[in-house]
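A.B. asks: got a structure for you, letters missing:
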Ligand code: AMP
């Protein structure tokens, strides 16, 4: 048994850039009864990405990881050009994690008909990031659909860190009838609570220190939530944590975790979502809030 595991890890990682060959490899593995897991990324890999790979490796026989900085999900003024691309280090990490195949396609392979095509998802794509980054989720839905065509895996693994994105992906998959299981994995955080993100590398040391306001605010909102406070009070606690560290708040809200609309039931479940700007860098984070008891003030 030990020898088998060692042998599996000794198998060199396949590097693929060509969609047709990638698809054929996945279909070949599945036709041999192997369960294939897929982790789409934009690279600049960190422990959050590694946790998705580990979850995929646990649930599947083979893991495919894509590294593709998707141009259609960046607005012209955003950081597409300067997005970090440390490919050699990324591939080294994937190899150490025992990944079976890394897929690193050029832009024209993913978009053979050009960049104009867009899937509009609606619903949970509309608020929050949908308002601040118009067109972003159309780009995400479009690239994920295309990647699922190229990598027809059994399951795909996404991070709860990008909560709204997981809802967008699930809705796109349901609308398009794509036969793939979507698995959402917990957010991996730094020691001080900051959610790991490739964009954390943009932060100056001073901004990195201030960024802890996001998880602090989420913890404050969760404490209010658990104490039975009104949603508006818990949202205010979140906003104040950003204010206290001079972070410009794009949004701070407690909403339904599936629709991202107002809570139908004040007991929840809910999710607290937040986005803040530190200089030129935007950070997002969220925290699921469990069902709670609320004080019935009318009866009090
Ligand atoms: P990205 O490379 O930023 O497109 O992210 C690729 C995948 O990794 C997405 O599903 C993200 O939600 C996920 N991810 C990013 N950061 C984290 C984190 N800190 N914890 C867990 N998953 C993450």
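C.D. replies: Here it is on my side, so go on. Note that the structure is predicted; figures quoted are calculated from it, not measured.
A.B. asks: separation between residue 107 and the ligand?
C.D. replies: From residue 107 over to the ligand the distance is 16 Å, taken as CB to the nearest ligand atom, to the nearest Å. Yep, even glycine has a C-beta here, placed from its N, CA and C like the rest.
A.B. asks: so residue 266 touches residue 231, yeah?
C.D. replies: Yes. With contact defined as CB atoms under 8 Å, residue 266 reaches residue 231; the gap is 6.8 Å.
A.B. asks: more crowded one of these two?
C.D. replies: Neighbours were tallied for residue 266 and for residue 231 using other CB atoms under 10 Å; the higher tally belongs to residue 231 (21 against 12).
A.B. asks: now do the buried residues in the helix or strand that contains residue 53.
C.D. replies: Here residue 53 sits within helix 47-59, counting by DSSP states H and E. Within helix 47-59, the residues scored as buried using 16 or more other CB atoms under 10 Å are 48, 49, 50, 51, 52, 53, 54, 55, 56, 57.
A.B. asks: between helix 47-59 and the next helix or strand after it, find me the angle.
C.D. replies: Downstream of helix 47-59, the next assigned helix or strand under DSSP H and E is strand 62-67. Counting by axes from the mean of the first three to the mean of the last three CA atoms, to 10 degrees, strand 62-67 lies at 160 degrees to helix 47-59.
A.B. asks: show me what strand 62-67 is packed against.
C.D. replies: Secondary-structure packing of strand 62-67 (3 or more CB pairs under 8 Å, 6 or more residues apart in numbering; DSSP states H and E): helix 19-31, strand 36-41, helix 47-59, helix 87-96, strand 101-103.
A.B. asks: most tightly packed of these?
C.D. replies: Of the helices and strands packed on strand 62-67, the one with the most neighbours on average (mean count of other CB atoms under 10 Å) is strand 36-41, at a mean of 26.
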